[in-house]
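*Asks:* next one to model:
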Amino acid sequence: RVAGISTARVLREAAAPSKDFEFQAETRQLLDIVTHSLYTDREVFLRELISNASDALEKLRHKQAAGDDVAQPERPLEIHIDIDEAAKTITISDAGIGMSADEMQQNLGTIARSGSKAFVNAATEGNDAASNIIGQFGVGFYAGFMVADEVTVASQAADPSATPQIWRSAGAGSYSIEELPRKEGDDAVGRGCKVTLHLKEDAMEFATKSRVEDIIRRYSNFVNFPIKINGDVINTVQAVWTKQARDVSEEEYTDFYRYVAGAFDKPMARLHFSADAPIDIKALLFVPGMHSEKFGMGRMEPGVSLYSRKVLIEHRSADILPDWLRFVRGVVDSEDLPLSISREKAQDSRLIMKISDVLTKRVIRFFADMKKREPEEFAKVYEEYAFFIKEGICQDFAHQEQLSKLLMFESSKEEPGKLISFDDYIARCKPDQEEVYYLCAPTRELAEASPYFEAFKRADREVLFVYNAIDDFVMSNLGQFNSRRLVTAETANLKLDGEDAAKDEAKEGEDAKEEGEETSATAGAALSEAEVTELCSWLQGEALKGKVSEVKVTDRLESTPAIVTSEESGALRRMMRMVDQQRTGGTAAPLPPQRLELNSKHELVKGLLTLKADKPELAQLLAEQLFDNALVTAGLMEDGRGMIPRLNKLLAEVI
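*Replies:* Numbering: from 1, shown residues only. Next up is the predicted model:
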């Protein structure tokens, strides 16, 4: 009911006989398509009718701004929705531009006039073809027939001399238009349109206020005009993203964040921007104060909704931002988007990809600017969301380079807890250094105590410390940063300053043997070249046969007798084995033969050579334990319980 007049009363008091018209053949086909196959959710009928009402109000406002005379200029620009459960009707009214009889025939009796035949031809070819045309032919009004077995439209055009008209159809083959009497006071037909839907029996849910309120808040909460249901204003939250940032208060930002995110906390950061090129975009994005995945609450769903001209196109769209940005909450609005009613999302995938690319780059740039200008604030964001950034590096190759500049690590040259970037590392390394070294360990203490760190400490070379298995994936996916290779400290064939000096020391030890100096296995000198060859051959060919692919001595160790090395870190190799085990659903594949590197100056290694001749069984036990110790150090030991019998035998030898 609007202005005190009901549709039934209007029909009873019609002053002129109605004129009956036949729908075009294409329109009849369209009605069948809309009613039975085009829409995936019937509730969108209300979105379409409210959007039509909003457009009509905009046209009226522009007409007033141009100084044109309009009927009933004092009427507020509002949208009214009246629900009558007893009469089984829902009525959507506006005080907009209205329609004359001719306009009703043109706008409601045909498919947006031009292109009608093309639309129906495309729609009848299949749903995909139809979805690519919806939104270009103005067919939203016909969505009402999904839920109504009769639709009436009472309207008075904005022209003060216009006569009220009523359009009526059951959505079959015909419709009627008749003139209504001009009246004054409460019985007058108000300027604008009043669309009344006589609901089908299976659509009575739309005659309840709570259901209609939910639909409005989901799809049409941000239209420019007040929407009232039975007199109560529903859309009280403003479309903050359409305002200039300087015109929005902190309280408004916080309230809007809580509305779109369904949250109670305050956002950690926000990005509010608009762009005209290469595409029209208005966006307001928030970084929540925390995320739920760290509590084991399951993978987060996308959090950014897509709008076109303040009308919801897709709630929490999975296409508008890459998956690694699923923690972001907010809205994106683009007037360039055509609508796809059948999918309730934008129909141009290329356009969506362009929007996604623009948004992603803008978010990354936002983080980069924060890192530079507000390092303390960025540190808070990074602490909470570093995992997502790293996930992006492993998945989003198009933006991998930009994302890598956001990464932060602990360093062997900094105090515990202080983080640096790749750029910081490179800025203070030697100009001729072509590598960025990193070491993966469970904690900083274990990293600093790792035998893989010994050579770097001796050479005074900086190493980045990483503590999570995903960091290994990040480093291997990146491969390099600013043309410098990212190299694990566990790599084979390590070349560092100071290595030549170590080799000279070993050579001096061998020369001393030749001169008859002390050659005891407990002396500080390294094994001779002949002894090294003998020991390595025995380990590879007998003691550790099948477990090692190569055995050699290294100068990188000081306090550790042996390590295993590879081009990949042990943590990464172990993770890959676990992934393979989950994929196959069976037991983990056997550990492939390893490259074993020995410290030829260490007492255990030199003692092993002596035991090989004097106590071969004990030497065998010691060789196996030495190898397993190296596997534990590298994080490759699956189950240490297998070592217990051997350790007991070694302890018995000591006793």
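*Asks:* low-scoring pLDDT stretches of this structure, where are they?
*Replies:* In the predicted model, the chain carries pLDDT under 70 at residues 1-16, 36-40, 110-139, 183-188, 338-348, 497-524, 567-589.
*Asks:* ok, longest helix in it?
*Replies:* helix 349-373 (DSSP state H).
*Asks:* what's that helix packed up against?
*Replies:* Under the contact definition 3 or more CB pairs under 8 Å, 6 or more residues apart in numbering; DSSP states H and E, helix 349-373 sits against strand 269-275, strand 281-287, helix 375-395, helix 400-404. (Glycine included, C-beta is placed from N, CA and C.)
*Asks:* so what touches the helix or strand that comes right after the second one?
*Replies:* Past strand 281-287, further along toward the C-terminus, the next helix or strand under DSSP states H and E is strand 304-308. Outside strand 304-308, the residues within contact range by CB atoms under 8 Å, 6 or more residues apart in numbering are 222, 260, 285, 312-317, 319-321, 328-335, 337, 339, 345-346.
*Asks:* report the buried members of those.
*Replies:* Among the contacts of strand 304-308, those scoring as buried are 222, 260, 285, 312-314, 317, 319-321, 328-334, 337, 339, 345-346 (criterion: 16 or more other CB atoms under 10 Å).
*Asks:* on that earlier part again, packed most tightly, which of the helices and strands packed on helix 349-373 would that be?
*Replies:* strand 281-287 (a mean of 24; mean count of other CB atoms under 10 Å).
*Asks:* and that strand, what does it pack against?
*Replies:* Against strand 281-287 (3+ CB pairs under 8 Å, 6+ apart) you get helix 250-261, strand 269-275, strand 329-333, helix 349-373.
*Asks:* any idea which of those is most buried?
*Replies:* strand 329-333 (a mean of 24).
*Asks:* and that strand with helix 250-261, angle?
*Replies:* Note on geometry: by axes from the mean of the first three to the mean of the last three CA atoms, to 10 degrees, strand 329-333 and helix 250-261 are set 90 degrees apart in direction.
*Asks:* which other helices and strands contact strand 329-333?
*Replies:* helix 250-261, strand 281-287, strand 304-308.
*Asks:* right, and these - which one's nearest L535?
*Replies:* For these, the distance to L535 is smallest for strand 281-287, at 57.4 Å, taking CB to CB.
*Asks:* which stretches of the stretch 401-550 of the chain form strands?
*Replies:* Secondary structure of the stretch 401-550 of the chain, counting by DSSP state E, counting those that start in this stretch: strands at 410-411, 435-440, 464-466, 480-481, 484-488, 548-553.
*Asks:* so N482 sits against I426, correct?
*Replies:* Yes - in this structure, N482 is within contact of I426 by CB atoms under 8 Å, at 6.2 Å.
*Asks:* mind checking which of these two has more residues around it?
*Replies:* Neighbour count, other CB atoms under 10 Å: between N482 and I426, I426 has more, with 15 against 11.
*Asks:* related to what we said a few turns ago, point out the most buried one among the strands of the stretch 401-550 of the chain.
*Replies:* When those are compared using mean count of other CB under 10 Å, strand 464-466 is most buried, at a mean of 25.
*Asks:* so what are the sheet partners of that one and their directions?
*Replies:* strand 410-411 (antiparallel), strand 435-440 (parallel) (DSSP bridges).
*Asks:* got JSON lines for those, with distance to H62 too?
*Replies:* Converted to JSON lines, the strands paired with strand 464-466 look like this (distance: least, CB to CB, whole Å):
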{"stretch": "strand 410-411", "distance to H62": "60"}
{"stretch": "strand 435-440", "distance to H62": "60"}
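*Asks:* tell me which of those lies nearest to S169.
*Replies:* That would be, of those and by CB to CB, strand 435-440, which comes in at 70.3 Å.
*Asks:* name the residues that touch that closest one?
*Replies:* Contacts of strand 435-440 (CB under 8 Å, 6+ apart): 409, 422, 425-426, 429, 447, 450, 452-453, 456, 461-469, 471-472, 475, 481, 484-490, 569-572, 635.
*Asks:* cool, stretch 358-375 as well?
*Replies:* So stretch 358-375 is contacted by 269, 271, 273, 275, 278-279, 281, 283, 285, 320-322, 325, 328, 332, 377-378, 381-382, 389, 396, 399, 402-403, 405-406, 421 (CB under 8 Å, 6+ apart).
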